[in-house]
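Q: okay, sequence plus prediction incoming.
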Amino acid sequence: MNQLSLRCCQWLLVLALFGGGSVHAATAEFAWLEDGHSTLSADQVRALPEGRWQTFDPIDTLNLGLNDSTFWLKVEVPPEPANRVLEISYPMLDQVSVLWERAGRVVQTYRTGDQLPFDSRPIHHRNFVFLVPSNTEPVTAFVRIQTLGSVQIPVRVVRSGEFLAQEQIAFGWQAVFLGIMLAMALYNLFVYLIVRHITYLWYVLTVVASALVQLNLNGLLFQWLWPDFPLLNRYFTAPIISLNIAFAVLFAMSFLALRRYGPMLYRLAQVLVGLAVLSFFYGLFGSYQTGIVIVGAFGAVVTPLAFVTGLLVWWRGQVLAGFYVLAWTPLLLGHLVLAVSKLGYIPRSFVTELAPQLGVALEVILLSFALAYRINLERRGRLQAQEYALAVQRQANLTLEARVQERTEELERANEQLKAISLTDGLTQVANRRRFDEKLQVEWQRARRHQSPLSLLLLDIDHFKRVNDELGHLVGDDCLVSLAQLCAGELQRAGDLLARYGGEEFSVLLPSTSEDGAGRVAERLRMAIARTPVYPTDGGAPVNLTVSIGVATLIPTDGGEPAELIQRADEALYAARNAGRNRVNRWVSSSVYSDPARGTSGQSQ
């Protein structure tokens, strides 16, 4: 099917290049003049002497670039025993008026253009086609043309039968072109919906935008979609070309993987997308003529730049870039020819008008192969990965049990390390609050089952805010690290847990430890901290620290909760701070309230 489409494209190109002109057009005489101030009326033009007119050969399309002037054509048609038409085959002209003169008298007048509704044309055709009013007498057509876009006037006089025969070919090509674009867009849209890769979406949008650009430039969108709303022609051409450029650049960024293979090219592409967006909005709200100049010049710069980008990325080892260069070469060349033609630097011809559509058609077909090859590469990669996984699995099955056990132990050690990291305070490298809560829950249940005492120490660094404020947070961190190391060294049992409880507070969980034993541990910690200065890592003066410690001991009951132990230790710590700091206070249980020397019931001492 694709080979057939390519052969159709080649056949139509040959017909366009060698069969587009009319052998009868040479019998007519063509001349033109420029009315720079747009002041000449039709009667004044008809009365002008022959010396004011400039003759031209219609084989060489009259291409005057971007010009605000009004232009007049004078076409003298000799009699011929056949019906004939006058065709101006550039549908983007804003105003086209035709006055037919026979024997010095005006016999027919027409006023049309893409600023007027489509039915203003005497023959409903995408180009401007006018029936020659006589085949027995010589007639003269005076054609007035004014447009804000590119002033291109491809004009010819041709027999009606020949015009219809060539129209079959031209319209057939437009149908083939539209069919190719729709097929490629729908196919790759389905692929995108399946694989969800953004490259295919940018490709679909590029294909759709390219098709709209070509159909618009050939007058088909006006004929088919909005024949009664000519104002849309003013706001469609420049914006759709800008979108086409933006989508094409986005596709190149994704397809060529520019972020990986060319970071500088990737940033340049981002700039180009931004400029395309700006030109889109300028095309909507700015000057039409300036917008056409901007998108024409922009396209003339971006197309070769995109081609060079593909070559550079290909040279750097991106395999798919070779397909990009191959597929986009006809597209880039075709659009380059079109852009330069619209700027008036080369004459308009069948080649300049057909090349972009041929380039687009070939591009979408070849890029579809490239995208299919991409899918094939990804599938091949998955198959290789699966084969490798199967090979690894077979090798693992052949491995000795000891090695499997070794791998399992390594994995377990790694998991233990990960778990230790998640349960360790990042600064002090002692247990964090999460680890403390888990350990407290476990030891609470164990103590409840065995009816053994469970003790908790809460330590708070005295006046730690002053250390941070006067010496800085870095010195404060050194103090926390040093205190944690010192406390860890003082704890003698493996089951005891030192944790950073929060901020400058630390906790020590002492399973199977009585109240007196917990008090001795707390006093040992307090004295060790008080007599050991902290030496900051920045070489500053040593810092002397003291701590206040709250001690609580409980034998858990069935209805109790670990929070009760924490609350008692916190109350004891609060009392230690209020009593002057640098001391140990124990929460007094009700069993000793009978001893007046131990304090008031429910108080900390």
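A: That came through, no problem.
Q: give me the contact list for stretch 38-55.
A: Residues from elsewhere that reach stretch 38-55 (C-beta atoms under 8 Å, 6 or more residues apart in numbering): 29-33, 35, 69-70, 72, 74, 97, 99, 101, 142, 144, 146. (C-beta placed from N, C-alpha, C; glycine too.)
Q: let's see it at 7 Å
A: For stretch 38-55, the external contacting residues (C-beta atoms under 7 Å, 6 or more residues apart in numbering) are 29-33, 70, 72, 74, 99, 101, 142, 146.
Q: repeat that for stretch 171-188.
A: 5, 8, 12, 200, 203-204, 207-208, 211, 214, 218, 220, 357, 361, 364-365, 368, 371.
Q: mark which of the residues you listed are part of helices, please.
A: 5, 8, 12, 200, 203-204, 207-208, 211, 214, 220, 357, 361, 364-365, 368, 371 (DSSP state H).
Q: make a PyMOL selection of the buried ones in these.
A: In PyMOL, a selection of the buried entries from those looks like this (16 or more other C-beta atoms under 10 Å):
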select buried, resi 5+8+12+200+203+204+207+208+211+214+220+357+361+364+365+368+371
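Q: please name the nearest non-neighbouring residue to residue 223.
A: Of all residues beyond its chain neighbours, the one nearest residue 223 is residue 126 (5.0 Å), with distances taken as C-beta to C-beta, 6 or more residues apart in numbering.
Q: could you tell me the per-residue confidence at the one you found?
A: Residue-level confidence at residue 126 comes out at 93, pLDDT.
Q: same check on residue 76?
A: At residue 76, the model reports a pLDDT of 95.
Q: now residue 440
A: 88.
Q: three-state assignment of it?
A: Of the three states, residue 440 takes helix under DSSP: H, G, I helix; E, B strand; the rest coil.
Q: got a list of what it touches?
A: Going by C-beta under 7 Å, 6+ apart, residue 440 touches 509, 562.
Q: measure it to residue 302 for me?
A: 67 Å (C-beta to C-beta, to the nearest Å).
Q: swap in residue 355?
A: 17 Å.
Q: compare those two (neighbour count), which wins?
A: residue 302 (25 against 22; other C-beta atoms under 10 Å).
Q: ok, now which ones touch that one?
A: 245, 249, 272.
Q: hang on, the second one in a helix?
A: It stands for residue 249. Yes: counting by three-state DSSP, residue 249 falls inside a helix.
Q: any idea of the pLDDT on it?
A: Confidence score, pLDDT, at residue 249: 94.
Q: could you double-check that it lies in contact with residue 272?
A: Yes: counting by C-beta atoms under 7 Å, residue 249 touches residue 272, with 5.0 Å between them.
Q: higher neighbour count, those two?
A: Taking neighbours as other C-beta under 10 Å, residue 249 and residue 272 compare with residue 249 leading, 26 against 23.
Q: tell me which residues touch the more buried one, please.
A: Contacts of residue 249 (C-beta under 7 Å, 6+ apart): 269, 272-273, 276, 302.
Q: how much space separates it from residue 198?
A: The gap separating residue 249 from residue 198 is 14 Å, by C-beta to C-beta.
Q: give me the neighbour count for residue 464.
A: By the criterion of other C-beta under 10 Å, residue 464 has 18 neighbours.
Q: quick check: closest non-adjacent residue to it.
A: residue 504 (4.0 Å).
Q: what does that neighbour show for phi and psi?
A: Main-chain torsions, residue 504, degrees, to the nearest 10: phi -100, psi 20.
Q: shaky segments in the stretch 351-500 of the chain?
A: The model of the stretch 351-500 of the chain has pLDDT under 70 over residues 351-353, 396-397, 399-402, 404, 414, 417, 419-421.
Q: again, 80 this time
A: 351-356, 363, 367-370, 372-423, 425-426, 428, 492 (pLDDT under 80).
Q: what about the strands in it?
A: Counting by DSSP state E, counting those that start in this stretch, the stretch 351-500 of the chain has strands at residues 454-461, 497-502.
Q: closest one to residue 134 among those?
A: Residue 134 lies closest to strand 497-502 among those, at 103.4 Å (C-beta to C-beta).
Q: now the angle from the following helix or strand past the closest one to strand 454-461?
A: Using DSSP states H and E, the helix or strand that directly follows strand 497-502 along the chain is strand 505-511. Interaxial angle, strand 505-511 versus strand 454-461 (axes from the mean of the first three to the mean of the last three C-alpha atoms, to 10 degrees): 160 degrees.
Q: right, so the strands of the stretch 351-500 of the chain: which one is the most enclosed?
A: strand 454-461 (a mean of 25; mean count of other C-beta atoms under 10 Å).
Q: so what touches it?
A: In contact with strand 454-461 (C-beta under 7 Å, 6+ apart) are residues 443-444, 447, 479, 483, 501, 504-511, 513, 515, 518, 521-522, 525, 545, 547-554, 556, 565-566, 569-570, 573, 577.
Q: element containing the residue nearest to residue 474 when sequence neighbours are not counted?
A: Once flanking residues are discounted, residue 474 sits nearest to residue 538: 6.6 Å by C-beta to C-beta, 6+ apart. Element membership of residue 538, judged by DSSP H and E, is empty: it is in no helix or strand.
Q: ok, now residue 325?
A: Taking DSSP H and E as the definition, residue 325 sits inside helix 319-342.
Q: point to the residue nearest the middle of the chain.
A: residue 250 (7.2 Å; C-alpha atoms, centre = their mean).
Q: against residue 206, how distant is that one?
A: According to C-beta to C-beta, residue 250 and residue 206 sit 8 Å apart.
Q: okay but residue 572 is in contact with residue 584, surely?
A: No: contact criterion C-beta under 7 Å: residue 572 and residue 584 do not qualify, at 8.6 Å.
Q: between those two, what contacts are shared?
A: Common neighbours of residue 572 and residue 584 (C-beta under 7 Å, 6+ apart) are residue 551.
Q: same question for the helix or strand hosting residue 63, mean pLDDT?
A: Counting by DSSP H and E, the element that carries residue 63 is strand 62-66. Across strand 62-66, pLDDT averages out at 83.
Q: list the helices and strands that strand packs on?
A: Judged by 3 or more C-beta pairs under 7 Å, 6 or more residues apart in numbering; DSSP states H and E, the packing partners of strand 62-66 are strand 150-153, helix 288-315.
Q: so which bits of the longest one are buried?
A: If I follow you right, that is helix 288-315. For helix 288-315, by 16+ other C-beta under 10 Å, it's 288-289, 291-296, 298-300, 302-303, 305-307, 309-310, 312-314.
Q: what do you get for stretch 431-439?
A: Buried-residue list, stretch 431-439, by 16+ other C-beta under 10 Å: 431-432, 435-436, 439.
Q: of the residues you listed, which pair is most distant in space?
A: Maximum distance among these (C-beta to C-beta): 10.9 Å, for 432 and 439.
Q: the nearest residue to the residue nearest to the centre of the chain once chain neighbours are set aside: neighbouring residues, count only.
A: Among residues not flanking residue 250 along the chain, residue 202 sits closest, at 4.6 Å (C-beta to C-beta, 6+ apart). Neighbourhood size, residue 202 [other C-beta under 10 Å]: 22.
Q: residues touching residue 202, list them.
A: 247, 250-251, 254.
Q: same list (the residues you listed) but as CSV, adding distance to residue 42.
A: Formatted as CSV, the contacts of residue 202 follow (distance: C-beta to C-beta, whole Å):
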residue, distance to residue 42
247, 45
250, 50
251, 50
254, 55
